[in-house]
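*Asks:* Coordinates only, no sequence provided:
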């Protein structure tokens, strides 16, 4: 099956402004990341602060301009598009951000905001757009009366429903979900995850699901990519990753996720020492070597290549053959 | 661990006066923390768990907050009757508190060491030299490498996880009997969270201190707490030891909440859905505050507030349905 999205050697470095207290240099947010997302599937991107997961999501949509690399969406080279073509492409490629308070306009009626992408894309007429917006709002669980209200009149979960309605109104094929439930309580998160799954099945959507929560990723994704300091360290189908993580970082990460079952309290954990290094000055060799419990001399000097280890799995670690 | 109560919150009612009216934020909270134990206080946004913690140290801003009635008994005295010097002696002395954001507890223009030293001098005055020795010990005890040197660092020179450990060092240098930790690891990455939780547990054992852990994360509760209290809309709806709460929850809200968690340790095909949203505390639902969202609500749930039923073994629940079965 052809991938809907094909990311090749994506690099994004942010220059650091020179200032009174130093500066200069670059933040190596994403370094040489490649992956494909098959049509109709959900790919999870997980990692901690500074892993580059959000930068990848935003760069794909050219909310950041890439440093180098290539992204093919349905065969179209996204980084080569001019302004008009890019705007047209965004009908098919959308994003939902973590914080609906930041992405929704505080002084615009909900209906207006959900309708807005249709206006920008010059799709339909006013009556048609309104009808579609109301339909979309109903689908995400808001009534007609709610459409005439303003974002502050809604709870966090309802605002995220509004943001989802707005992202999906142009009927996109691909949606980047950037920590869509991280700001929400667990009962509200369950409602939103159920909504996102339902919409995916109804519309055959393809998701890039960015999250730091491994429980949410296990629930939502078909395949998972683990990132550490801008590098792809492991990529595997969901079941394989959770049953048998291969990279020492993935193993440690999975072992310390708090499990809501006191009977598992005494399980073995891999407690990583030290802090997550700064992506401005990542460690030489393997970027994980400063915290890796299995580190060898080679790891300190030579950066491991991402190897294909079969069964659809890739790992970047000298210790995995 | 023994079962002596260290802290007893009795029938605590707290209101907040807002532009839109009076919010009934705590609606008769009863809670006991025993000596040396870790009690988890869990619930979702707005359930009153943080206000409960703040009330203990009399940190609820008044106005807009107001303690209507109740008592908070700690080591034989009612904290609600204290003010001035006796209250300051308790705060940071016998009871310490840490928050989600360590920067809210740290002064940016003093070194970490100075701030820990100040706390020690305030509660246990002694010679400056021995105070600095205790500062280094405190920083070492929370796993900060090279503590003598790092004591001279400013908060901005620490990472998020180190700052939180620095605050823990500051709070525990005076060997409090109770630590109130309000979402202490919520802002931290999961590998750093694991480090900080381990530090809290190790120090708790070493000092024989009790911990009131306020969190929304039921995974953290399962891993660190001895007993758990679940709050919903200003009420404690269920209390049990941690094994019982997770294996045999009785309140429909607890059951829903546990079923709604996506798990990293196993596949969950469908998550439990609690319909609707958290009610406004300006006009809380009549009777049981959970009844508009409860899948099993009956007529009595709409009209009368359920009393707390003791199921034995330290398990108690406030639900009419459970009462009917008993």
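*Replies:* Okay, I see it. As the structure is a computational prediction, the values presented were derived from the model and not from experiment.

*Asks:* What is the neighbour count of residue A:6?
*Replies:* By other C-beta atoms under 10 Å in any protein chain shown, the residues close to residue A:6 number 18. C-beta here means a position set from N, CA and C on the backbone, and glycine is covered the same way.

*Asks:* Just confirm it is within a helix.
*Replies:* No: per DSSP: H, G, I helix; E, B strand; the rest coil, residue A:6 lies outside any helix segment and is strand.

*Asks:* Report the separation between it and chain B.
*Replies:* Distance, residue A:6 to chain B, using C-beta to the nearest C-beta, to the nearest Å: 29 Å.

*Asks:* So that residue sits against residue A:72, correct?
*Replies:* Yes: the criterion here is C-beta atoms under 8 Å, and residue A:6 meets it with residue A:72 at 4.1 Å.

*Asks:* all strands for the chain, in order.
*Replies:* I went with chain A, as the question did not name one. Under the criterion DSSP state E, chain A contains strands at A:3-15, A:26-38, A:42-46, A:68-73, A:76-77, A:93-96, A:174-178, A:206-211, A:223-228, A:231-237, A:307-310, A:313-315.

*Asks:* should've been chain B
*Replies:* Going by DSSP E, chain B shows strands at B:5-18, B:21-34, B:38-42, B:65-74, B:77-78, B:95-98, B:178-182, B:210-215, B:227-232, B:235-241, B:309-312, B:315-317.

*Asks:* List the contacts of residue 24.
*Replies:* Looking at chain A here, since you left the chain open. A:16, A:17, A:18 (C-beta atoms under 8 Å, 6 or more residues apart in numbering or on different chains).

*Asks:* oops, I was thinking of chain B
*Replies:* Neighbour list for residue B:24: B:13, B:15, B:234, B:281, B:284 [criterion: C-beta under 8 Å, 6+ apart].

*Asks:* can you pick the most crowded of those?
*Replies:* Compared across these, residue B:234 has the highest neighbour count, 27 neighbours, by other C-beta under 10 Å.

*Asks:* and the closest residue to it other than its chain neighbours, what pLDDT?
*Replies:* Leaving aside its sequence neighbours, residue B:234 sits nearest to residue B:27 (C-beta to C-beta, 6 or more residues apart in numbering or on different chains; 3.9 Å). Residue B:27 is assigned 96 on the pLDDT scale.

*Asks:* Please apply the same query to residue B:267.
*Replies:* 93.

*Asks:* Out of the contacts of residue A:24, who's the most crowded?
*Replies:* Greatest neighbour count in these, by other C-beta under 10 Å, goes to residue A:16: 13 neighbours.

*Asks:* State the distance from that one to residue A:28.
*Replies:* To residue A:28, residue A:16 is 11 Å away according to C-beta to C-beta, to the nearest Å.

*Asks:* From residue B:180, how far off is the closest residue to chain B within the stretch 151-300 of chain A?
*Replies:* The nearest approach of the stretch 151-300 of chain A to chain B comes at residue A:258, 2.9 Å away (C-beta to the nearest C-beta). Residue A:258 sits 20 Å away from residue B:180, going by C-beta to C-beta.

*Asks:* what does the stretch 51-200 of chain B have sitting close to chain A?
*Replies:* Residues of the stretch 51-200 of chain B lying close to chain A (C-beta under 8 Å from any C-beta of the partner chain) are B:159, B:161, B:162, B:189, B:190, B:191, B:192, B:193, B:194, B:195, B:198.

*Asks:* typo on my end, the stretch 201-326 of chain B
*Replies:* By C-beta under 8 Å from any C-beta, the residues of the stretch 201-326 of chain B that approach chain A are B:216-223, B:242-243, B:246-247, B:256-258, B:260-265, B:267-268, B:270-274, B:277-278.

*Asks:* List buried residues within those.
*Replies:* B:216-223, B:242-243, B:246, B:256-258, B:260-265, B:268, B:271-272, B:274, B:277-278 (16 or more other C-beta atoms under 10 Å in any protein chain shown).

*Asks:* Quick check, pLDDT for the residue of chain B found nearest chain A.
*Replies:* Going by C-beta to the nearest C-beta, chain A is nearest to residue B:219 of chain B, at 2.9 Å. On pLDDT, residue B:219 comes in at 95.

*Asks:* Residue A:175 against residue A:97, yeah?
*Replies:* No: using C-beta under 8 Å, residue A:175 makes no contact with residue A:97, being 11.4 Å away.

*Asks:* where do the helices sit along the chain?
*Replies:* In the absence of a named chain, chain A is used. For chain A, the helices defined by DSSP state H cover A:53-60, A:83-89, A:100-103, A:110-120, A:126-139, A:144-147, A:156-168, A:186-203, A:214-220, A:238-243, A:248-256, A:297-301.

*Asks:* that's the wrong chain, I meant chain B
*Replies:* B:49-56, B:84-90, B:112-123, B:128-141, B:147-150, B:160-172, B:190-207, B:218-224, B:242-247, B:252-259, B:299-303, B:320-325.

*Asks:* so residue A:71 bridges to which residues?
*Replies:* residue A:7 (DSSP bridges).

*Asks:* How about the contacts made by residue A:59?
*Replies:* Applying C-beta under 8 Å, 6+ apart, we find residue A:59 in contact with A:10, A:12, A:30, A:65, A:66, A:71.

*Asks:* Show me which of those residues is closest to residue A:215.
*Replies:* Closest to residue A:215 out of the contacts of residue A:59 is residue A:30 (24.9 Å), distances taken as C-beta to C-beta.

*Asks:* Please verify my assumption that the closest one contacts residue A:56.
*Replies:* Yes: counting by C-beta under 8 Å, residue A:30 does reach residue A:56; the two are 5.5 Å apart.

*Asks:* Could you report the neighbour count for residue 60?
*Replies:* Chain wasn't specified; assuming chain A. A count of nearby residues for residue A:60, using other C-beta under 10 Å, gives 23.

*Asks:* wrong one, chain B
*Replies:* Residue B:60: 21 neighbours (other C-beta under 10 Å).

*Asks:* Just give me the residue right at the centre of chain B.
*Replies:* residue B:214 (2.7 Å; C-alpha atoms, centre = their mean).

*Asks:* Wait, residue A:220 touches residue A:43, no?
*Replies:* No: when contacts are counted by C-beta under 8 Å, residue A:220 is not listed as touching residue A:43 (10.0 Å).

*Asks:* what's the overlap in contacts for the two?
*Replies:* In contact with both residue A:220 and residue A:43: A:207, A:209, using C-beta under 8 Å, 6+ apart.

*Asks:* Just give me the closest of the residues of the stretch 51-200 of chain B next to chain A to residue B:210.
*Replies:* residue B:198 (18.0 Å).
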